[in-house]
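Enquirer: Have a look at this fold, sequence not included:
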């Protein structure tokens, strides 16, 4: 259960990755107390309070799924039976934090190389919403070819 005023965060890709696979704490603004939030991979869009947050969630899920697809391509994990569940890949969930972070760094570095004209000097600070936009532009470009 999410706290009543929960807002899906805008954050860099590394932070999203951590939130996706690990539980986190947020402060409930109504009570001032900390509330444990389950890993985001366990959330469904219907768990979120409004369309704006659901949109962020869908974009975050696409970025995570793209990273996990990269992990499959680099043989960190096996391909799941259903490609629609990359964002909930059981092998990624089962990894220890260090292994999952190492996989993230490698896969994100490789993904970043494909960004061509979209590269930034601040790769570690790239917001997942920006990465989502780049992924979608690259997919459209591939479809035109």
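Expert: Done, it's in. Predicted, not measured: the structure shown is a model, and the values here were computed from it.
Enquirer: contacts and neighbour counts: CA atoms only from here.
Expert: OK.
Enquirer: Point out where this protein drops to low pLDDT.
Expert: 117-123, 145 (pLDDT under 70).
Enquirer: what helix or strand is the residue nearest to the spatial centre of the chain on?
Expert: Most central in the chain under C-alpha atoms, centre = their mean is residue 64, positioned 3.5 Å from the mean C-alpha point. Per DSSP states H and E: residue 64 is located in helix 51-73.
Enquirer: Relative to the whole chain's centre, how far out is the following helix or strand past that helix?
Expert: For helix 51-73, the following helix or strand on the C-terminal side (DSSP H and E) is helix 90-94. Counting by C-alpha atoms, centre = their mean, to the nearest Å, helix 90-94 is centred 14 Å from the centre of its parent chain.
Enquirer: what's the residue nearest to residue 22 when sequence neighbours are not counted sitting at in phi/psi?
Expert: The shortest distance from residue 22 to any non-neighbouring residue, by C-alpha to C-alpha, 6 or more residues apart in numbering, is to residue 39 (4.8 Å). Taking degrees, to the nearest 10, you get phi -50, psi 140 for the backbone angles of residue 39.
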